[in-house]
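In: Sequence first, predicted model second:
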Amino acid sequence: MRTVKRKRVVWSILLILYAGAIFALSSFPLTGGEPLLPLPNGDKLLHFMEFSLFFFLSWKAIPARRRVLCSLLITTLYAGSDEIHQIFVATRTASLLDWLADFAGGAATAGLTIVLIRTPLFTSWGRRILGRCDKKEG
């Protein structure tokens, strides 16, 4: 039991550090240079991946009974607050499409988490990836 609580504390610290990194990086004004990912709508893919990881970290940190739902809610709210924060940063704007990409990353990871936890074929494999969890946790 103590090991589980310690792990949750570590995951919580990682989540807080990651949230801080997102805030810090979105505080810098954009330069007019090359895009970070030179693909059409590559920034949306980066948003998707960024909040996919955010969801996973929050899922590992939250001890709640409905972890997937709580983690998706936290991910969605933090993504929205990040977009609002960008209104106040020079050369940045809030974008509904960016927020939707953030939400999609969290939702896709939530779906994958549910599949890995509940599908009998993937149960043992999923538990190895996600760590020990009860089937009742969702």
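Out: Received, thanks. Numbering: from 1, shown residues only.
In: so Ala79 makes contact with Phe103?
Out: Yes - between Ala79 and Phe103 there is a contact at 6.2 Å, judged by CB atoms under 8 Å. C-beta here means a position set from N, CA and C on the backbone, and glycine is covered the same way.
In: Neighbour count for these two, which is higher?
Out: When Ala79 and Phe103 are compared on other CB atoms under 10 Å, the one with more neighbours turns out to be Ala79, at 25 against 19.
In: For the more buried one, which residues are in contact?
Out: Counting by CB atoms under 8 Å, 6 or more residues apart in numbering, Ala79 touches Phe51, Phe54, Trp99, Asp102, Phe103, Gly106.
In: Overlap in contacts, Ala79 and Phe103.
Out: Common neighbours of Ala79 and Phe103 (CB under 8 Å, 6+ apart) are Phe51.
In: Relative to Glu50, how far out is Ser26?
Out: Ser26 sits 10 Å away from Glu50 when distances are taken as CB to CB, to the nearest Å.
In: Comparing the two, which residue is more hemmed in?
Out: Glu50 (21 against 15).
In: So which bits of the helix or strand containing Phe51 are buried?
Out: In this assignment (DSSP states H and E), Phe51 forms part of helix 42-61. Buried residues in helix 42-61, defined by neighbour count with 16 or more other CB atoms under 10 Å: 43-44, 46-48, 50-61.
In: what helices or strands is it leaning on?
Out: Under the contact criterion of 3 or more CB pairs under 8 Å, 6 or more residues apart in numbering; DSSP states H and E, helix 42-61 touches helix 2-25, helix 67-86, helix 96-118.
In: what inclination does that helix have with respect to helix 2-25?
Out: Helix 42-61 runs at 150 degrees relative to helix 2-25, counting by axes from the mean of the first three to the mean of the last three CA atoms, to 10 degrees.
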